[in-house]
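Engineer: Sequence and predicted structure are below.
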Amino acid sequence: MPELPEVETVMTGLKPALEKHRFTHVETRRKDLRIPFPKDFAKRLNGRKVIKLWRRAKYIMADLDDGETLVIHLGMSGRMAVFARSKSQKLGQFHYDAVPAEPEKHDHVIFDTDAPARITFNDHRRFGLMTLIDTDKIEQHKLFKDIGVEPLSGDFDAAFLKAALKGKKTPIKSALLDQRLIAGLGNIYVCEALWRAQISPKRRASRVKPGEIAPLVKAIKEVLQEAVKAGGSTLRDHKQVHGELGYFQHHFAVYGREKKLCQRADDGIIKRIVQSGRSSFYCPVCQR
DNA sequence: AGGTCAACCTGAGCGC
DNA sequence: TGCGCTCAGGTTGACC
């Protein structure tokens, strides 16, 4: 489900409940997600304080006060919700619901913190994961060693993309989805960025012309920034941590709009094709 | 080495 | 109401 903007939204929403707060109780309600929880996962978190919350690619990172980092991936359907345990029901500037009496179906992990708050991790498809790794070894860790550039950072520019696409025979759609090149793009935002840059998802990556590289970089950055500002896109699963929906889905130009009129080309009808098992939406008239 | 594809899992929506 | 099929924001490992 979540791509960079959704993960960023969730991470930011967790801050009032998590950053500079201590875990008072952690509970796992099954033995694994996509991968098993590390040994003594809940026990190791208990009593730990979160120094800093941040995001890398589609991962939420929580640096702890003992030199470990809690790593969370939401997979396709992962959700996190924050509930207030204080009487005022307020945490920072947001209003949160009170802790429900019973956990919901597929609530796999429950974190209580001294905010005081309860954070639940719900993931019905269980493609998500949680693990603990040494903070000073994140870059070398299996999950992160091959992860590419952050698309909203200064390192992602035309020179970088030009070099990354050079000689690539794979379609541009697949190249942009490759987390080893760019970290955090997913199916929605790649479709949207290619539409903005007027490039067909079927085009060979190496055939993106020099003059199209900078506009494509700009399109990627803009679509991600706008989506972050909108709190991400809610299709079925994504919610912000206090239950509010994201609303960038109302700004989709092509994603999920098969057979609808393209807003740029008068005679363009949005088409859906399948590329490496995923739907691509594009306008065959204005994207070449 | 580079590229493609099925598998992992549950649920929602649709046609019949 | 129910069955069977398709599809879903991601990642990985096996295969050509």
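Structural biologist: Sure, I can see it. Residues are numbered from 1 along each chain as shown, chains lettered A, B, ... in the order given.
Engineer: make it CA atoms for all contacts and neighbour counts henceforth
Structural biologist: Noted.
Engineer: Any regions of the stretch 1-150 of chain A where pLDDT drops low?
Structural biologist: For the stretch 1-150 of chain A, the stretches flagged by pLDDT under 70 are A:1, A:88.
Engineer: As a check, name the ranges of all strands in chain A.
Structural biologist: Shown for chain A, the strands assigned by DSSP state E span residues A:23-28, A:50-56, A:59-64, A:68-73, A:79-84, A:90-91, A:94-95, A:107-113, A:117-122, A:129-134, A:271-275, A:278-282.
Engineer: tell me which parts of the stretch 151-288 of chain A are close to DNA strand C?
Structural biologist: A:179, A:184-188, A:232-238, A:278-279 (Cα under 7 Å from any atom of the strand).
Engineer: re earlier: between the strands of chain A, which gets nearest to residue A:220?
Structural biologist: Among these, strand A:278-282 comes nearest to residue A:220, with 15.3 Å by Cα to Cα.
Engineer: what's that closest one packed up against?
Structural biologist: helix A:187-196, strand A:271-275 (3 or more Cα pairs under 8 Å, 6 or more residues apart in numbering; DSSP states H and E).
Engineer: Tell me the buried residues in that strand?
Structural biologist: Neighbour-count burial for strand A:278-282 flags A:279-282 (criterion: 16 or more other Cα atoms under 10 Å).
Engineer: do stretch A:104-114 as well
Structural biologist: Under 16+ other Cα under 10 Å, the buried positions of stretch A:104-114 are A:106-114.
Engineer: May I ask which two of the residues you listed are separated the most?
Structural biologist: Largest pairwise distance in these, by Cα to Cα, is 24.0 Å, between A:106 and A:114.
Engineer: rewinding a little: nearest to DNA strand B among the buried residues of stretch A:104-114?
Structural biologist: Distances from DNA strand B to the buried residues of stretch A:104-114, taken as Cα to the nearest atom of the strand, are shortest for residue A:106 (7.1 Å).
Engineer: Hmm, residue A:128 and the closest one touching each other?
Structural biologist: No - using Cα atoms under 8 Å, residue A:106 makes no contact with residue A:128, being 11.9 Å away.
Engineer: Identify the contacts common to those two.
Structural biologist: Common neighbours of residue A:106 and residue A:128, counting by Cα atoms under 8 Å, 6 or more residues apart in numbering, are absent.
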